[in-house]
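A.B. asks: predicted model and sequence below, questions to follow.
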Protein chains: 2
Amino acid sequence: MTIDGRVARGERTRAAALDAAVALATEAGLHGLSLAQLADALGVSKSGLFAHWRSKEALQLATVDRAVAQFQELIVHPALRAPRGVRRLWAVHTARIDFYAARVLPGGCFFANTEFEYNARPGPVRDRLAAAFERWTAFLERLVQEAVDLGELPADVDVPQLAYEVDALGISAVMRSRLLDPDTAYRHARQGLLHRLRALCPDPTLLPEGPS
Amino acid sequence: MTIDGRVARGERTRAAALDAAVALATEAGLHGLSLAQLADALGVSKSGLFAHWRSKEALQLATVDRAVAQFQELIVHPALRAPRGVRRLWAVHTARIDFYAARVLPGGCFFANTEFEYNARPGPVRDRLAAAFERWTAFLERLVQEAVDLGELPADVDVPQLAYEVDALGISAVMRSRLLDPDTAYRHARQGLLHRLRALCPDPTLLPEGPS
DNA sequence: AATAAGTACGACCGGTCGTGCTTTTTTCGG
DNA sequence: CCGAAAAAAGCACGACCGGTCGTACTTATT
């Protein structure tokens, strides 16, 4: 079973196009992303690009999926090396902030940008973004719940509430880092959760010391 | 000194146009806002609209200013009736959440949407949005500082940090209310700050009782 | 009554958008 | 080496974009 070099070539341009589309979408938005722009950035023709997806909407949906995969690969997966509980929750939070601080994407956060862009535009794109957001929320809640189950957090912790606050600190970080002082934003996002967890967690050795 | 009926008419259409522009921009974005769209919504001609601003950018800047004025008028000003200190801080936060819950703007929050839209687009529009964001941040920090000065919050409170957290809870509320369950989002935003202030404020009578 | 200023209009320009249709180039199996 | 098949390119289309122009209507000034 050899690989068809023709479709292999197609796959390569497809993958390269989606990576560029994710990056471009953080600057111009998922709607503002244009075929001509993307084709120029890749050095291919507009129609050659268009042939891979039957419509712009199909390209947008594929771009969302690629962004999800990238987020999993660069943030979630590395953080899962931390042991379950508050350490893993903390690892995911800091991995996210580090991702923003590393300026991987030119426009900050793909999901923050596109979810605000599409929150009032009904359709398949919005639905897919909402689904991704829901999975992310469920993932954070699971992390908190595991910490509770392990006894690292009190049993009476409001799990969805704490997950909400974790995400809020992160969203605010990427927003402020783009318009105000980035380092201050990252520091507040980290300190916010660190102090919150320190106040809740009976075992202080599970969290980094850091500045008070 | 009589009022010039010509400029009065101009002022009226100007004001109506900016109100419509703020609302439209929350759906289509400040860049996606098109002259033709806005003209249709107002029932006037595109060129007649265009005569009021020399360029689209001028219209965008005027729209930002109008949104700032609307935010002041509908959220900040009413909340300033609450006495200084934690009660005023709480009033501003809840007024903001109520503003979102009332669905005043079809796309949620003008500033959240546009600031994410323009965070990677250098230029006068981004600069004006950043300036508005900076003033909003300074305002929140002033509210927190006043509560500290009045002794309603401990003297060792990290003022910018707490202001950051207040804003983060609000931003997250409007984001989640558009894609997931709105009531849950609003409740988390309110509870988050209420519990935080309850833990910090020695005088429990300053805050509403609410559900634990 | 004549002139000037402000507002609004319809027609139109060059450019870019997404999207089809046709052709050329690349790569495979026999 | 040769047709078949997939990928990429070329080309043209209708729609919409921001912006300009000349013009008509209304109001204020002289």
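C.D. replies: Perfect, thanks for sending it.
A.B. asks: could you use CA atoms for every contact and neighbour count after this?
C.D. replies: Fine.
A.B. asks: just the pLDDT for the one residue sitting closest to the centre of chain A.
C.D. replies: With distances taken as Cα atoms, centre = their mean, chain A has A:F71 as the residue nearest its mean C-alpha position (4.6 Å). Per-residue pLDDT puts A:F71 at 98.
A.B. asks: distance-wise, check it relative to DNA strand D.
C.D. replies: Computed as Cα to the nearest atom of the strand, to the nearest Å, the A:F71 to DNA strand D distance reads 25 Å.
A.B. asks: pLDDT on the longest helix seen in chain A, on average?
C.D. replies: Here the longest helix in chain A is taken by residue count, with DSSP state H as the criterion, and it is helix A:5-32. Confidence over helix A:5-32 (mean pLDDT, whole number) is 87.
A.B. asks: give the residue spans of chain A that score low on pLDDT.
C.D. replies: Judged by pLDDT under 70, chain A has its weakly predicted residues at A:1-8, A:210-212.
A.B. asks: ranges for the helices of it?
C.D. replies: Under DSSP H, chain A gives helices at A:5-32, A:35-42, A:46-50, A:56-71, A:77-79, A:86-101, A:110-118, A:124-149, A:159-179, A:182-200.
A.B. asks: output those as CSV; include the columns distance to B:T205.
C.D. replies: Conversion of the helices of chain A to CSV gives the following (distance: least, Cα to Cα, whole Å):
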stretch, distance to B:T205
helix A:5-32, 46
helix A:35-42, 58
helix A:46-50, 63
helix A:56-71, 45
helix A:77-79, 42
helix A:86-101, 34
helix A:110-118, 37
helix A:124-149, 31
helix A:159-179, 24
helix A:182-200, 23
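A.B. asks: point out the most buried one among the ones you listed.
C.D. replies: By mean neighbour count, with neighbours taken as mean count of other Cα atoms under 10 Å in any protein chain shown, helix A:110-118 ranks first of those at a mean of 25.
A.B. asks: just the CA trace of stretch A:9-29, in PDB.
C.D. replies: Written as PDB, here are the backbone C-alpha positions of stretch A:9-29 (Å, rounded to 0.1, in the frame of the first residue of the first chain):
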ATOM      1  CA  ARG A   9       0.800  16.700  -2.300                       C
ATOM      2  CA  GLY A  10      -2.700  17.900  -1.800                       C
ATOM      3  CA  GLU A  11      -2.600  17.000   1.900                       C
ATOM      4  CA  ARG A  12       0.600  19.000   2.300                       C
ATOM      5  CA  THR A  13      -0.800  22.200   0.800                       C
ATOM      6  CA  ARG A  14      -4.000  21.600   2.800                       C
ATOM      7  CA  ALA A  15      -2.100  21.400   6.100                       C
ATOM      8  CA  ALA A  16       0.100  24.400   5.200                       C
ATOM      9  CA  ALA A  17      -3.000  26.400   4.200                       C
ATOM     10  CA  LEU A  18      -4.800  25.700   7.400                       C
ATOM     11  CA  ASP A  19      -1.800  26.600   9.600                       C
ATOM     12  CA  ALA A  20      -1.600  29.900   7.700                       C
ATOM     13  CA  ALA A  21      -5.300  30.300   7.900                       C
ATOM     14  CA  VAL A  22      -5.300  30.000  11.700                       C
ATOM     15  CA  ALA A  23      -2.600  32.600  12.000                       C
ATOM     16  CA  LEU A  24      -4.200  35.000   9.600                       C
ATOM     17  CA  ALA A  25      -7.600  34.600  11.200                       C
ATOM     18  CA  THR A  26      -6.200  35.900  14.500                       C
ATOM     19  CA  GLU A  27      -5.400  39.100  12.700                       C
ATOM     20  CA  ALA A  28      -8.100  39.600  10.200                       C
ATOM     21  CA  GLY A  29     -10.800  37.500  11.700                       C
END
